[in-house]
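Undergrad: Generate a structure from the sequence data that follows.
(2 chains)
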Amino acid sequence: MSLIWGSMDSIKQGGLGFITRQTWDPVNHQFGALPFIIGTLLTSGFALILTIPFSLAISLFLGEYFTEGFLQNIIKSMVELLAGIPSIVYGFWGLLILVPVIQKFQMKTGMMPYGVGILAASIILAIMILPYSASIGREVIQMVPSELKEAAFSLGATRFEVIKSVTVPYAKSGIFAGIFLALGRALGETMAVTMVIGNSNMIPKNIFGPGNTMASLIANEFTEATGDLYLSALIEIGLLLFIITGIINLISKRIIKRFDIKQKNESIKNKT
Amino acid sequence: MKVSKTKLSLRIIKNNLFSVLVVTLSIIACIPLILILIYLISKGASSINLEFIIHNPKPVGEPGGGVLNAIIGSGLLVLIASILSIPLGVSVGMYLSEFRKTKLAGFTRFAIDLLQGIPSIVIGIVAYLWLVKPFGKFTAVSGGVALAMLMVPVVAKSTEETLKMIPGSLKEASLALGVPYYKTVLKVILPTGLSGIITGILLGIARIAGETAPLLFTAFGSPFLTFNVLKPVNSLPLLIFNYASSPYPDWHRLAWGASFLLVLLVLILNLVAKWISKKRKIKF
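TA: Predicted coordinates for the structure are as follows:
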């Protein structure tokens, strides 16, 4: 609510075109949010693409292949540790370790050696959201009733085939929910992204260039916002962010609940 | 027969390839963590010495100096946030576990879920609008409030989960013996669920200890050491953010040390929380 009230000024001035206008020029009182929306979507989307194979791998690894024992405990603890590391530490590490690596790569291939940019932010985001989707995926995969799997095995299927045609379809909605949740997390992540994204308030030309996301824009410019319109515009971006992440999180929670209910119904059916 | 034999070996090959793929990807996924930990330990542990903890940062250019004001600041903020969020979170958790079907419960649950998903910087904006703009200055209290808003869902959720698991017979036995309701809650249910509630509190603290974004425009950070909660205050994550973006290698060194300290703290909190919850499981 406070967000809406705070951004009232900006909404009145800029109107709906705010979302589609490109220029972000505080000096001339021009505020368009498009570069940041694109930046946010690009980094989060790319991070999702990067993280899905690894998240699936870990979910399968922990839920199917090694459900007990030494390896399970180690890998599980490592993933949980990943989730606990504060985001600025990720950003710091990214800035000092990952960015030089990207820079070297860029220099070798003849691109502008920014180092920072969409690519760096996406990689760091992908690492950060991995635990969220992986742990939900693992739980869901473990919940696949063994009768289904055993039936498939007894029909002569290999493990891969069982996974492909039994486990994954069964757990599909849960895995989806985990990925959605990870997306929600990625959209709102501020600190790690701020430190490695290059902070250029334009639409990024390609993934190797700098850009900016809604969250890091707020982080960078809030304390230096001169004038109420500027502040209002920033708050309006906050509102946008709130709405988007809110919707995605609620959707994923609803999917998880539905999956839980389906599970409970299945186990009740099996027991009777 | 020949056809099915080749088909079978193809399937077996696919199967084994897939297993290898899964294992490889999983190992690769763990590499960043190991890398981060290695760098943290090598660069961070070396900068921690007595001076690190006891001193304030020195002006730019002078070697040495520590992060005392950030440590104290973090402690202050966590304290404020806990004072605000523990009573609220525990009460909400209790309410949700007792009255599960009322409309208010559904609405509260929805609100808590929503709150949990809000990006921390947006919460920072809200705290700013409530507590900084009207008063015109940055204060530790506003930072604490922002952190409290982040902590409440964690505490509430784990309180609710804990209390849900307590067998209803306990509560009913106490009520049957004539103990008034509020006393039942205070003296029977709460102590039984205490370990779970404490686990939730510890996890909540671990979460907010590393938060930076909401503090950027509430507590704001300062180079001074202060216990006055009505003044801006520095915190470990803020310090890391400011120093890491600076071009001074000495400040970088401090930032590594602070990062190490922070991760160590979070790790210890998580381990203690896990240990407590294991102890509890045996009791039942």
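Undergrad: Show me which residues of the stretch 1-150 of chain A are close to chain B?
TA: For the stretch 1-150 of chain A, the residues in contact with chain B (C-beta under 8 Å from any C-beta of the partner chain) are A:2-3, A:5-6, A:53-58, A:60-61, A:65, A:75, A:78-82, A:84-93, A:95-97, A:127, A:130, A:134. Any C-beta I mention is one placed from the backbone N, CA and C, and that applies to glycine too.
Undergrad: Report the buried members of those residues.
TA: Burial by neighbour count, 16 or more other C-beta atoms under 10 Å in any protein chain shown: within those this picks out A:2-3, A:6, A:54-58, A:60-61, A:65, A:75, A:78-79, A:81-82, A:84-93, A:95-96, A:127, A:130, A:134.
Undergrad: From residue B:238, how far off is residue B:262?
TA: Going from residue B:262 to residue B:238 by C-beta to C-beta, to the nearest Å gives 11 Å.
Undergrad: Flag every residue of the stretch 1-150 of chain B that's near chain A.
TA: By the rule C-beta under 8 Å from any C-beta, the part of the stretch 1-150 of chain B lying against chain A is B:11-12, B:14-15, B:18-19, B:21-26, B:28-30, B:32-36, B:39-40, B:113-114, B:116-122, B:125-126, B:128-130.
Undergrad: Which of those fall within helices?
TA: The members of the residues of the stretch 1-150 of chain B next to chain A that map onto helices under DSSP state H are B:11-12, B:14-15, B:18-19, B:21-26, B:28-30, B:32-36, B:39, B:113-114, B:116-117, B:120-122, B:125-126.
Undergrad: Of all the residues in stretch B:169-186, which ones are buried?
TA: B:171, B:174, B:179, B:184, B:185.
Undergrad: ok, and which of these reach chain A?
TA: Answer for those near chain A: none qualify (C-beta under 8 Å from any C-beta).
Undergrad: Mind checking which of these are in helices?
TA: B:171, B:174.
Undergrad: Just send the buried residues of stretch B:169-186 back as TSV, with pLDDT too.
TA: TSV is the format used below for the buried residues of stretch B:169-186 (pLDDT from 0 to 100):
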residue	pLDDT
B:171	76
B:174	78
B:179	77
B:184	73
B:185	73
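Undergrad: out of the buried residues of stretch B:169-186, who's nearest residue B:73?
TA: Distance to residue B:73, by C-beta to C-beta, is smallest for residue B:185 among these, at 35.9 Å.
Undergrad: Helices of the chain, residue ranges please.
TA: The chain I'm using is chain A. Taking DSSP H, the helices of chain A run over residues A:2-14, A:34-60, A:69-84, A:87-93, A:99-108, A:118-142, A:146-154, A:159-162, A:168-188, A:191-196, A:214-221, A:228-271.
Undergrad: hmm, I had chain B in mind actually
TA: B:2-39, B:45-47, B:50-54, B:68-98, B:103-117, B:120-127, B:140-165, B:168-176, B:181-183, B:190-209, B:236-244, B:249-283.
Undergrad: which stretch in those helices is the model least sure about?
TA: Mean pLDDT values for the helices of chain B show the minimum at helix B:50-54, a mean of 59.
Undergrad: Would you check that residue B:44 makes contact with residue B:252?
TA: No. Using C-beta atoms under 8 Å, residue B:44 is not in contact with residue B:252, being 10.9 Å away.
Undergrad: got the helices of chain A as CSV, with distance to residue B:206 and mean pLDDT columns?
TA: Converted to CSV, those look like this (distance: least, C-beta to C-beta, whole Å; pLDDT from 0 to 100):
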stretch, distance to residue B:206, mean pLDDT
helix A:2-14, 27, 43
helix A:34-60, 22, 80
helix A:69-84, 6, 77
helix A:87-93, 13, 82
helix A:99-108, 28, 73
helix A:118-142, 14, 82
helix A:146-154, 35, 78
helix A:159-162, 37, 70
helix A:168-188, 16, 80
helix A:191-196, 16, 79
helix A:214-221, 22, 74
helix A:228-271, 21, 72
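Undergrad: Would you format those as TSV with distance to residue B:195 included?
TA: What follows is those, written out as TSV (distance: least, C-beta to C-beta, whole Å):
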stretch	distance to residue B:195
helix A:2-14	37
helix A:34-60	30
helix A:69-84	20
helix A:87-93	29
helix A:99-108	43
helix A:118-142	23
helix A:146-154	32
helix A:159-162	40
helix A:168-188	28
helix A:191-196	32
helix A:214-221	36
helix A:228-271	25
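Undergrad: out of these, deepest packed?
TA: Highest mean neighbour count among the helices of chain A (mean count of other C-beta atoms under 10 Å in any protein chain shown): helix A:191-196, with a mean of 30.
Undergrad: So which elements touch it?
TA: helix A:87-93, helix A:118-142, helix A:214-221, helix B:236-244 (3 or more C-beta pairs under 8 Å, 6 or more residues apart in numbering or on different chains; DSSP states H and E).
Undergrad: Ok, which of those comes nearest residue B:276?
TA: Comparing the helices and strands packed on helix A:191-196 under C-beta to C-beta, the one sitting nearest is helix A:118-142, at 20.3 Å.
Undergrad: Give me the helices and strands touching that closest one, please.
TA: In terms of contacts (3+ C-beta pairs under 8 Å, 6+ apart), helix A:118-142 is packed against helix A:34-60, helix A:69-84, helix A:87-93, helix A:99-108, helix A:168-188, helix A:191-196, helix B:2-39.
Undergrad: which residues are contacting the third one?
TA: Translated: helix A:87-93. Residues outside helix A:87-93 that contact it (C-beta atoms under 8 Å, 6 or more residues apart in numbering or on different chains): A:124, A:127-128, A:189-196, B:35-36, B:39-40, B:210, B:212-213, B:237, B:240-241, B:244, B:255-256, B:259, B:262-263.
Undergrad: Quick check, residue B:203 in contact with residue B:158.
TA: Yes. Here residue B:203 reaches residue B:158: they are 6.8 Å apart, a contact under C-beta under 8 Å.
Undergrad: Those two: which has the busier surroundings?
TA: Using other C-beta atoms under 10 Å in any protein chain shown as the criterion, residue B:203 and residue B:158 rank with residue B:158 on top: 25 against 22.
Undergrad: quick one: residue B:202 from chain A, how far?
TA: From residue B:202 across to chain A, the span is 12 Å (C-beta to the nearest C-beta, to the nearest Å).
Undergrad: ok, that residue - contacts?
TA: Counting by C-beta under 8 Å, 6+ apart, residue B:202 makes contact with B:269, B:270, B:272, B:273, B:276.
Undergrad: Quick check: closest non-adjacent residue to residue 44.
TA: Assuming you mean chain A. residue A:186 (4.1 Å; C-beta to C-beta, 6 or more residues apart in numbering or on different chains).
Undergrad: I was after chain B.
TA: residue B:260 (2.6 Å).
Undergrad: Could you do residue A:221 as well?
TA: Distance criterion C-beta to C-beta, 6+ apart; nearest residue to residue A:221, sequence neighbours excluded, is residue A:234 at 6.2 Å.
Undergrad: isn't residue A:215 right next to residue B:123, touching?
TA: No. With contact defined as C-beta under 8 Å, residue A:215 does not count as touching residue B:123 (11.7 Å).
Undergrad: How about the stretch 151-272 of chain A: which residue is closest to chain B?
TA: Using C-beta to the nearest C-beta, the closest approach of the stretch 151-272 of chain A to chain B is made by residue A:188 at 2.5 Å.
Undergrad: ok, that residue touching residue B:125?
TA: No. Between residue A:188 and residue B:125 there is no contact under C-beta under 8 Å: 12.0 Å.
Undergrad: what is in contact with the two at once?
TA: When C-beta under 8 Å, 6+ apart defines a contact, no residue borders residue A:188 and residue B:125 alike.
Undergrad: Identify each buried residue in stretch B:256-269, please.
TA: Buried residues in stretch B:256-269 (16+ other C-beta under 10 Å): B:256, B:257, B:258, B:259, B:260, B:261, B:262, B:263, B:265, B:266, B:269.
Undergrad: where's it relative to the chain centroid, distance-wise?
TA: 12 Å (C-alpha atoms, centre = their mean, to the nearest Å).
Undergrad: Can I get that stretch in CSV? Just the C-alpha atoms.
TA: What follows is stretch B:256-269, C-alpha atoms only, in CSV (Å, rounded to 0.1, in the frame of the first residue of the first chain):
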residue,chain,number,x,y,z
TRP,B,256,37.1,-10.5,2.8
GLY,B,257,37.5,-10.8,6.5
ALA,B,258,34.0,-9.5,7.1
SER,B,259,32.6,-12.0,4.5
PHE,B,260,34.4,-14.8,6.2
LEU,B,261,33.0,-13.8,9.6
LEU,B,262,29.6,-13.5,8.2
VAL,B,263,29.5,-16.9,6.5
LEU,B,264,31.0,-18.4,9.6
LEU,B,265,28.2,-16.9,11.7
VAL,B,266,25.5,-18.1,9.3
LEU,B,267,27.0,-21.5,9.2
ILE,B,268,27.2,-21.8,13.0
LEU,B,269,23.6,-20.6,13.4
